[in-house]
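Novice: Fold the stuff below for me.
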Amino acid sequence: MTSGPQTGDRAEGLLDQIAAQALDDDYYLVRAEPPTRIDRLATGVALAVFALLVTVAAVQTQVDRPATEREQQALADDVEMRRAAQERRQAAVADLRDEVADLAASADRSDPAQRALLARTAGSSVRGPGVVVTVTPVASDGGQGDVRDDDLQRLVNTLWFLGAEAISINDERIGTTSSVRTAGDAITVNYRSIDAPYVVRAIGDAEQIEDRLEDSRIGRDWRTRSSSTGLGFSVTTSSDLTLPRIDAARLEVPHATPVKEAQ
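Specialist: Have a look, this model is predicted:
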């Protein structure tokens, strides 16, 4: 009696069948058929089109690059040109401001009141006799040998009180909008830093200002500080002092307008 196939043989036969039929029948059919001329032609056309697209993209990139560089350079040149134009305009504005100030200073020169007004408001350079006060600090630690902004403020106010008609500190004219203040470690006049020694020039009756300054409280205080600390303080007279006019920008009053007085 012949026995049936063993279980192991049946399993191996099933695995062989699955492996043999793993791919679709169409695959074997296509694989068995060689590519036709049309297939080869279509493949060649596709490859040619792809190569053409790659070539066009490369050429376009090369063509666009110089144009982009030219545009960037043109933009940079335009920015530089506009910056130079802005600087020229600012210089022109400054020149016009100075010209207006000069015209205002020269207007109505025959009118004594106008000339006196310009002199007192620092709108014009002035010349005349006066005194020169020189202050030289000997320390910068805040002691009595140091010179602060309020020291110069009190000195200027005293000179006004004693009859000074025009005052400058280190060639910075004191006008109606001037300021004497400390900024950092420096004293500024009209927002410009000045260095020691501090030279205060005051035009007026030289002998009267000198005598009254010596007798004033401020004068005595300066002498005491000079004796005790070595701080330099001297007052000399001059028959011919020249003080510059204040910067034109300090004369501008954009909000205040003159009011016509009733006759």
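
Novice: and after the helix or strand hosting residue 118, which helix or strand comes next?
Specialist: Assigned by DSSP states H and E, residue 118 belongs to helix 112-120. Going down the chain from helix 112-120, the next helix or strand is strand 126-136, by DSSP H and E.

Novice: Parallel or antiparallel, list what pairs with that next one.
Specialist: strand 198-203 (antiparallel), strand 232-243 (antiparallel) (DSSP bridges).

Novice: lowest-confidence helix or strand of the chain?
Specialist: Across the helices and strands of the chain, mean confidence by mean pLDDT, DSSP states H and E is lowest for helix 25-32: a mean of 53.

Novice: circling back to that earlier point, starting at the chain centroid, how far to the helix holding residue 118?
Specialist: Its chain's C-alpha centre and that of helix 112-120 lie 37 Å apart, by CA atoms, centre = their mean, to the nearest Å.

Novice: Show the average pLDDT along that helix.
Specialist: Helix 112-120 comes out with an average pLDDT of 75.

Novice: Stretch 168-180 now?
Specialist: 92.

Novice: now what about that stretch, what contacts it?
Specialist: With contact meaning CB atoms under 8 Å, 6 or more residues apart in numbering, stretch 168-180 is reached by 121-123, 149, 152-153, 156, 166-167, 187-192, 194-195, 198-201, 243-246, 250-251. Heads up, the C-betas are built off the backbone N, CA and C, glycines and all.

Novice: cutoff 7 Å now
Specialist: For stretch 168-180, contacts defined as CB atoms under 7 Å, 6 or more residues apart in numbering pick out 121-122, 149, 152-153, 156, 167, 187, 189-192, 194, 198-201, 243-246, 250.

Novice: Helix 112-120 and the helix of greatest length in the chain, what's the angle between them?
Specialist: Using DSSP state H to define each element, the chain has its longest helix at helix 37-106. Interaxial angle of helix 37-106 relative to helix 112-120 (axes from the mean of the first three to the mean of the last three CA atoms, to 10 degrees): 120 degrees.

Novice: now the end-to-end length of stretch 145-152.
Specialist: 14 Å (CA to CA, to the nearest Å).

Novice: what about it, distance to the chain center?
Specialist: The chain centre lies 31 Å from the centre of stretch 145-152; the measure is CA atoms, centre = their mean.
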